[in-house]
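Novice: Structure of the sequence below:
(one chain, ligands or ions: 1)
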Amino acid sequence: MAQQPPTQPNQAGVPLLDVNRDNGPHREEFIEALTDVLDSGRFLFGPDVTELESELAGYCQVPNAIGCASGSDALLLALMALNIGPGDEVIVPSFTFFASVSCITRLGATPVFADILPGTFNVDPESVESLISPTTKAIIPVHLFGQCAEIDRICQIAGEHNIPVVEDAAQAIGAAYHSRPAGSWGAVGCFSFYPTKNLGGMGDGGMITASDAGLADRLRLFAGHGMRPRYYHQVVGINSRLDTFQAAVLRVKLRYLGDAIDARTEVAARYDRLLQNAGVIGADAITLPVRDENAFHVWNQYALRIGSGRRDELRSYLSERNIGSEIYYPVPMHEQECFQDLEFRHNGLVETERASREVLNLPVFPTLTEAEQRRVVEAIGSFYAAAARAAA
Ligand SMILES: *Cc1c(COP(=O)(O)O)cnc(C)c1O
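Specialist: Numbers count the residues shown, from 1 in each chain. Next comes the predicted model:
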């Protein structure tokens, strides 16, 4: 079989992500699985979809899993199935990806923005609690970067007020809190198979988990045009399906998800060591990712905090050396242009705003090599060394 051409022509560079390198070792298995779907002709509702749903239900330790077209649809369907609409408030962090919030506004409901904890970048349970009102109809904690939010505390607060929790676990498949999987804590768990996620497909895909059989049934109903039986529409649903090709690919990848998480964990530990040895950790420079001791982190992202207002300067320096990095996320949701004419509420988002100025995400993927990580960290070291010389 022909070798894949190298995806990074510049030897000295480090890609933010290299999907081909990660997928390469499983190429034959993908081709076999995709060929089976092609030959079956069952491009929708094929057996791989049902199989994947039951495998993922097992993996996440929930009785029900429902495939859908994307993580964004998973969130939208969750709120639809919970009957959320105009006049309802939904509490969500502002420091997240857009889809955690657009699902709320799309249904005419009002987002209420909670602040985050400075260490983990995850939503602050105390902030969530302080924002609860008589019209709060759901809470959407986001398990950011692959580490669970303090979901035990959030579910406890929500439970006291009888408010359903919808976990945005798009970045956190395989993560856990107190050994209990992401997506199994709330009324609904939402996952994404976008190619950059830990279980990434070859296109779009998503999944919804639900413990309650009645709610799972409603989620399925809403994902299928609200149609039951055929051509009789009980509710106004949407069309949101996981196709059989994606399910076939994801079943292959699911077999290696544990190995991929182990490799990501190793990458994160190596960055910690290398950055510590480079002497760039400290109040004036870099803060390493903070691990919650109760969380099993799956490292979808390795997120540094860069102090002294130097983040953008450092990022340009890396980019000039062909070293990939990203800012997740530069503009918090309460500052997005599309939400400026909207009524929304919060009670101070100091940590959210600081995080969007300071966060910097380094390359992390299972096949990232130690040599590449050394190049990333050496470049960071030389940035600070040059800055120190300039200051002297
Ligand atoms: C990726 C992501 C989504 C959306 O998933 P898609 O499959 O791309 O629609 C939602 N929330 C978070 C936090 C994400 O990272």
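
Novice: since we're on residue 42, how many residues are nearby?
Specialist: 15 (other CB atoms under 10 Å). Where you see a C-beta, it was placed from the backbone N, CA and C, and this is true even at glycine.

Novice: since we're on the closest residue to it other than its chain neighbours, how many residues are nearby?
Specialist: Nearest residue to residue 42, sequence neighbours excluded (CB to CB, 6 or more residues apart in numbering): residue 244, at 5.7 Å. Per other CB under 10 Å, the neighbour tally for residue 244 reads 26.

Novice: Dihedrals phi and psi, residue 244?
Specialist: Residue 244 adopts backbone torsions of phi -70, psi -30, taken as degrees, to the nearest 10.

Novice: Show me what from the stretch 201-350 of the chain comes close to the ligand.
Specialist: With CB under 6 Å from any ligand atom as the criterion, the stretch 201-350 of the chain meets the ligand at residues 204, 206.

Novice: quick one: low-confidence parts of the stretch 201-350 of the chain?
Specialist: 283-284 (pLDDT under 70).

Novice: Report the closest residue of it relative to the ligand.
Specialist: Nearest residue of the stretch 201-350 of the chain to the ligand, counting by CB to the nearest ligand atom: residue 206, 5.1 Å away.

Novice: you'd agree the residue nearest to residue 42 is up against residue 43?
Specialist: Yes - assessed by CB atoms under 8 Å, residue 244 is found in contact with residue 43 at 5.4 Å.

Novice: Contact partners for the residue sitting nearest the centre point of the chain?
Specialist: Nearest to the mean C-alpha position of the chain, by CA atoms, centre = their mean, lies residue 171 at 2.1 Å. By CB atoms under 8 Å, 6 or more residues apart in numbering, the contact set of residue 171 is 142, 143, 144, 145, 146, 192, 197, 198, 300, 301.

Novice: Report the separation between the last one and residue 120.
Specialist: This points to residue 301. When distance is defined by CB to CB, to the nearest Å, residue 301 is 12 Å away from residue 120.

Novice: residues bridging contact with those two, i.e. touching both?
Specialist: Joint contacts of residue 301 and residue 120 (CB under 8 Å, 6+ apart) are residue 144.

Novice: what domains does the record give for this protein?
Specialist: Domain segmentation of the chain under automatic domain parsing yields 22-254, 257-391.

Novice: Can you lay out those as CSV showing distance to residue 14?
Specialist: Output for the domains of the chain, formatted as CSV (distance: least, CB to CB, whole Å):
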stretch, distance to residue 14
domain 22-254, 15
domain 257-391, 5
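
Novice: Of all these, which one is nearest residue 13?
Specialist: domain 257-391 (2.9 Å; CB to CB).

Novice: to the chain's geometric centre, what's the distance from that closest one?
Specialist: Distance, stretch centre to chain centre, for domain 257-391: 15 Å (CA atoms, centre = their mean, to the nearest Å).
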